[in-house]
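> from the sequence below, what's the structure:
(2 chains)
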Protein chains: 2
Amino acid sequence: MSSTSTATSCKVVLAGSIAKKLLEEVTAGLRTLETPPRLHGFLANKDPAARMYADWTAKTCRENGFEFILREVDREVLEDEIRNANDDDLVDGMIVYYPVFDSRRDQTLQWTVSMYKDVEGLSPQLISNMYQNVRFLDPSTNLRKSILPCTPLAVIKILEYLQIYNTFLDYGKRLFGRRITVINRSEVVGRPLAALLANDGAEVYSVDITGVQRFSRGSGLKQQRHEVNDVEGWGLEQCLPLSDVVISGVPSETYKVPTDLIREGAVCINFSSDKNFSPDVKEKASIYVPAIGKVTIVVLLRNLLRIVQNKPQTNGSA
Amino acid sequence: MSSTSTATSCKVVLAGSIAKKLLEEVTAGLRTLETPPRLHGFLANKDPAARMYADWTAKTCRENGFEFILREVDREVLEDEIRNANDDDLVDGMIVYYPVFDSRRDQTLQWTVSMYKDVEGLSPQLISNMYQNVRFLDPSTNLRKSILPCTPLAVIKILEYLQIYNTFLDYGKRLFGRRITVINRSEVVGRPLAALLANDGAEVYSVDITGVQRFSRGSGLKQQRHEVNDVEGWGLEQCLPLSDVVISGVPSETYKVPTDLIREGAVCINFSSDKNFSPDVKEKASIYVPAIGKVTIVVLLRNLLRIVQNKPQTNGSA
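Predicted coordinates:
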């Protein structure tokens, strides 16, 4: 008979520890710059959550050597203010605290932000690059990296930190062999995340209430970018027992990923502000990350740094 | 439509490159010693393969600062010669080139080698430690590591090199979540290898012509060491599609692991002297290691170094 232990084998990893390591990389990059990058935050609503996020951005910037200016403006003039910031050489990056109009007009605002100042990575060209697995803004020289949306990129950075990305494999293929379930297929997080993971070589099962889609670069990663296929008749019953990694972001206080379907030793990551995993997930998972918010804010600073690093150093044509 | 590429995504990794890195660690350890470790090799047969292995050991020792003495002796006096070497303080380690009698008498020879000089890790106490997941010779102080058999340990070192061991997880649990098929359940390689992998947290499917056994530490790795269960009705059809890693060591020129059953992105390792994988494995695998011999010989030197490092530095009681 073997001895048994009451402690679980699961490592619970808090976002703070991951954020700390990522922040060290960001501040190291910052020290190579002559002037601190300047971020403008546009607040044009009365949403307390938006103000809290703005305050949090301000604090994180201040503590880490970035310059943050909160611009409280009337929402009717916001579009013009964004255009002014696009043209202002003193503004390196900007973030808009949504919702502003809470309608499709918010998307117009989003598209007004210059892709060269968009720390959130939501500009149409950036989004298009992401889905097409185009990683640079200057494909001929490959010096200026395209900016990725913050929350999906935060999940990627977490998977790198947890060594789920295998750096022995070539860049761009480091998830080859991994099967990942992403529960949530929203346009802002779930779908771009599934695309990013599949572009890096994973087979991704993207799950929402309408069903399951497989995002994959196909046998032997022969495709240069992922393709998407509906998987008829599949649900979590089929996806979870296969998946090395389970990522959930369901905005519901009551939703729980069924622990009994999760495979032994899986890596479980929650990006919902609600807890999508039951406490007993620790009986099965090898690693459990209960929240990711602190990583997301560092990724925002990382995007800002990258935007500054992307600027042509000489009188380039871009 | 996505573009396609004719090149495969598979990295073919040759044992030489893995052996080189491991050898650097061994020679770094060697430099901390005052005198080079001395290995005795006992050759008591006319087997050309045994002589070749002896010549290879001699060359590798000579090139890397270990002292190697080939002892060619009559097989009838070998047992006494081993006993003499056990008592000789100038002999740090020994290796016997089998087969000698090619009968159970060879096992008696094997058991005659002192466990404190057994670079092959085949002494009963070492084998017992390995199966019991006891990693030290001095469980109270945990300073003297138990010696593991060379070929299984070579496979472990290869999996570490390939980052299949996740160093983010705790030592002893770094394969948690991995499913590994080992084709071969011999007493010298396949079974100890399955045990080692399971003790490190993997779920292992050990396959031979008699069927499939699962080696596992159970749900949440609650068991301190692995247990073994027959899996009725299973074959490669069931094991391979689940397995992240496929390790094969079938001594047959014609045997091939069926590529169509291997999952996308699997890591495939061959430890047979025959090629157990078809060339088309590269269409599916993320990593393919076609042979491991060069790593095994470095592991032998590593064991010799460890034996010397295990010696009490003071007038200890051991």
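
> who in the stretch 201-318 of chain A is up against chain B?
Within the stretch 201-318 of chain A, the positions adjacent to chain B are A:201, A:203, A:217, A:219-225, A:227, A:244, A:263-267, A:283-284, A:286-287 by CB under 8 Å from any CB of the partner chain. Every C-beta, even on glycine, is put in place using the N, C-alpha and C of the backbone.

> out of those residues, which are buried?
Among these, those classed as buried by 16 or more other CB atoms under 10 Å in any protein chain shown are A:201, A:203, A:217, A:220-223, A:225, A:244, A:263-267, A:283-284, A:286-287.

> wait, is residue A:206 part of a helix?
No. Using DSSP: H, G, I helix; E, B strand; the rest coil, the assignment for residue A:206 is strand, not a helix.

> what's the burial count for it?
A count of nearby residues for residue A:206, using other CB atoms under 10 Å in any protein chain shown, gives 25.

> so who does it touch?
By CB atoms under 8 Å, 6 or more residues apart in numbering or on different chains, the contact list for residue A:206 reads A:182, A:185, A:190, A:191, A:194, A:212, A:213, A:214, A:215, A:228.

> buried among these? Need that as a selection in ChimeraX.
Selection of the buried residues among those in ChimeraX, burial being defined by 16+ other CB under 10 Å:
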select /A:182,185,190,191,194,212,213,214,215
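
> ok, back up a step: which of the buried ones among the residues of the stretch 201-318 of chain A next to chain B fall in strands?
The strands, defined by DSSP state E, take in A:203, A:267, A:287 from those.

> how much space between residue A:167 and residue B:167?
Here the criterion is CB to CB, to the nearest Å. By it, residue A:167 lies 11 Å from residue B:167.

> er, residue A:65 actually
Distance of residue A:65 to residue B:167, given as CB to CB: 31 Å.

> circling back to that earlier point, any chance of a markdown table for the ones in strands among the buried ones among the residues of the stretch 201-318 of chain A next to chain B, columns distance to residue A:275?
Shown next, in a markdown table, are those (distance: CB to CB, whole Å):
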| residue | distance to residue A:275 |
| --- | --- |
| A:203 | 27 |
| A:267 | 17 |
| A:287 | 16 |
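
> how about the strands in chain A?
Counting by DSSP E, the strands of chain A are A:11-12, A:38-43, A:67-72, A:93-96, A:179-183, A:203-208, A:211-216, A:227-231, A:245-248, A:267-270, A:287-289.

> the shortest one and chain B, are they touching?
Yes. Applying CB under 8 Å from any CB, one finds strand A:11-12 touching chain B at residue A:11.

> list the neighbouring strands of that strand plus their orientation.
Neighbouring strands of strand A:11-12 in its sheet, by DSSP bridges, are strand A:287-289 (parallel).

> what distance separates the longest helix belonging to chain A from the centre of its chain?
Determined from DSSP state H, the single longest helix within chain A is helix A:293-310. Its chain's C-alpha centre and that of helix A:293-310 lie 11 Å apart, by CA atoms, centre = their mean, to the nearest Å.

> grab the nearest non-local neighbour of the most centrally placed residue in chain A.
Of all residues in chain A, the one closest to the mean position by CA atoms, centre = their mean is residue A:152, 2.1 Å from it. Leaving aside its sequence neighbours, residue A:152 sits nearest to residue A:193 (CB to CB, 6 or more residues apart in numbering or on different chains; 4.0 Å).

> quick check: the residue nearest to the centre of chain A touching residue A:199?
No. Using CB atoms under 8 Å, residue A:152 makes no contact with residue A:199, being 11.1 Å away.

> intersection of neighbour lists for the two?
Common contacts of residue A:152 and residue A:199 (CB under 8 Å, 6+ apart): none found.

> and residue A:75, how many residues sit next to it?
17.

> am I right that it is in contact with residue A:44?
Yes. With contact defined as CB under 8 Å, residue A:75 and residue A:44 form a contacting pair (4.1 Å).

> between these two, what contacts are shared?
Common neighbours of residue A:75 and residue A:44 (CB under 8 Å, 6+ apart) are residue A:100.

> where does the stretch 1-150 of chain A have low pLDDT?
Where the stretch 1-150 of chain A drops to pLDDT under 70, the residues are A:1-6.

> just the helices in it please.
Using DSSP state H, counting those that start in this stretch, the helices found in the stretch 1-150 of chain A span residues A:15-30, A:48-63, A:78-87, A:105-112, A:124-132, A:150-161.

> what sits against the residue in the stretch 51-200 of chain A that chain B sits nearest to?
Closest residue of the stretch 51-200 of chain A to chain B, CB to the nearest CB: residue A:177 (2.5 Å). Shown in contact with residue A:177 (CB under 8 Å, 6+ apart): A:201, B:244, B:263, B:264, B:265, B:266, B:267, B:286.

> equivalent analysis for residue A:251, please.
The neighbours of residue A:251, taking CB under 8 Å, 6+ apart as the test, are A:272, A:273, A:274.

> which of the residues you listed has the weakest pLDDT?
By pLDDT, residue A:273 ranks lowest within the contacts of residue A:251, coming in at 92.

> check the stretch 201-318 of chain A for the residue nearest chain B and tell me.
When scored by CB to the nearest CB, the stretch 201-318 of chain A has residue A:265 as its residue closest to chain B, at 2.5 Å.

> now do the closest residue to that residue other than its chain neighbours, the pLDDT please.
Computed as CB to CB, 6+ apart, the closest residue to residue A:265 that is not its neighbour in sequence is residue B:177, at 2.5 Å. pLDDT for residue B:177: 97.

> can you tell me how far residue B:177 is from residue A:267?
Using CB to CB, residue B:177 is found at 7 Å from residue A:267.

> so what sits against both of those two?
Common neighbours of residue B:177 and residue A:267 (CB under 8 Å, 6+ apart) are A:244, A:286.
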